[in-house]
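Peer 1: Got a sequence here, can you model it:
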Amino acid sequence: MQVQVRGRRSAGWWITFGVIAFGTLFFVAGAIVGGVSISFVTDAERAKGTVVYLEWEGSNVSSSSKSRQSSGPTAHPVVEFTPAGGELTTFRSSMGSNPPAYDTGERVDVLYRADDPRDAKIDGFVSLWLIPLIFCGIGLLIAGIGTAVAIATRRRSRLTRSGSGTAVPSAG
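Peer 2: Have a look, this model is predicted:
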């Protein structure tokens, strides 16, 4: 006869399930953001643009913090471009970095929606794919760890049960 003790084991399974669910949600969020990027790239028009200045965002923005250093505020490139058949359009990239990824005056490829040229992005890996890859990667890592723990716990549980599963009555 086997007796299953409720409590610690049950709580462990719920925690493992929660970790797997959390990782899966992260992965799904990354996949959705990646799908939005794919849709944007598929439907976007292309143009050449120029970084006209860097907009610094963050605490304690000063002239000394605008050098290429690895901490502090982030620089968001502000880009001007002319869409097909349109007038000069300016947009601020949502992706900022420190050190700045672009210099003032640098030429960049721009992707924009034909129906709304202000909805534009720099055609680069970071601005299009970094966030989806981070979310999908973290999600896979967390869900993978949770799954590995669940499998290891289940195997250990089976080994424990098979090792002491049935008692042989003593003759006497």
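Peer 1: List the buried residues of the biggest helix by length in the chain.
Peer 2: Scanning the chain for the longest helix, with DSSP state H as the assignment, gives helix 125-163. Across helix 125-163, burial judged by 16 or more other CB atoms under 10 Å covers Ser127, Leu128, Ile131, Pro132, Phe135, Cys136, Ile138, Gly139, Ile142, Ala143, Gly146, Ala150. Where you see a C-beta, it was placed from the backbone N, CA and C, and this is true even at glycine.
Peer 1: What of stretch 106-117?
Peer 2: Val108, Val110, Leu111, Tyr112, Pro117.
Peer 1: so who does the third one touch?
Peer 2: For Leu111, the residues meeting the contact criterion (CB atoms under 8 Å, 6 or more residues apart in numbering) are Phe40, Val41, Ala44, Glu45, Arg46, Ala120, Lys121, Ile122, Asp123, Leu128.
Peer 1: Now do the same contact list for Ala120.
Peer 2: Gly49, Val79, Phe81, Thr89, Phe91, Val110, Leu111, Tyr112, Arg113.
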